[in-house]
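K.L.:
Here is the input, now give the coordinates:
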Amino acid sequence: MIAKKENISHEMIKKIFRSAEDILFDELSSVNDCEIKKIYIMDGLSVESKIVNKKERNLPNGIKVQNEPTVKITPKVTRWYKEKVNQNR
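P.N.:
Just a heads-up that it's a prediction; the model follows:
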């Protein structure tokens with residue numbers, strides 16, 4: 001739809017979105033401890049990443065398992081954006 005609306009080739013749009021995806025992956029995964037990295041995709045849409053520390057879990061069979069620190073990704077949509085979407089339905 002973007003290619004048609006802007007009169008740009010489909011291949012160029014695919015290339016742009018692949019590059020944007022690579023940048024997002026690199027930026028979100030490069031977060032440090034005690035840091036929250038926020039990337040604004042467009043007005044009203046953003047993604048946050050942060051490190052979640054080790055946790056100890058008890059499995060149903062009684063075995064205790066330690067999870068390694070992982071990156072938690074959280075999408076954010078502003079109230080303004082939701083209202084704008086609902087107005088344009």
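
K.L.:
Neighbouring strands - and their directions - for the helix or strand bottoming out on mean pLDDT in the chain?
P.N.:
Lowest on mean pLDDT, DSSP states H and E among the helices and strands of the chain sits strand 55-58, with a mean of 79. Looking at strand 55-58 with DSSP bridges, its partner strands are strand 64-67 (antiparallel).

K.L.:
I'd like the average pLDDT over the partner strand.
P.N.:
Averaging pLDDT along strand 64-67 yields 82.

K.L.:
what's it in contact with?
P.N.:
Contact with strand 64-67 is made by 54-59, as judged by CB atoms under 8 Å, 6 or more residues apart in numbering. From N, CA and C alone the C-beta is placed, and that goes for glycine too.

K.L.:
Can you read off the pLDDT for the spatially closest residue to residue 36 that is not a sequence neighbour?
P.N.:
Of all residues not flanking residue 36 in the chain, residue 50 sits nearest, at 4.6 Å (CB to CB, 6 or more residues apart in numbering). For residue 50, the pLDDT comes out at 93.

K.L.:
Ok, residue 1 next?
P.N.:
92.

K.L.:
And for residue 41?
P.N.:
So, for residue 41, pLDDT stands at 93.

K.L.:
any chance you could map the strands in the chain?
P.N.:
Along the chain, the stretches classed as strands by DSSP state E are 36-42, 45-52, 55-58, 64-67, 70-77.

K.L.:
Indicate each strand paired with the second one and its parallel or antiparallel sense.
P.N.:
The partner list of strand 45-52 in its sheet, established with DSSP bridges, is strand 36-42 (antiparallel), strand 70-77 (antiparallel).

K.L.:
For it, buried residues please.
P.N.:
Neighbour-count burial for strand 45-52, with 16 or more other CB atoms under 10 Å as criterion, is recorded at 46-47, 49-50.
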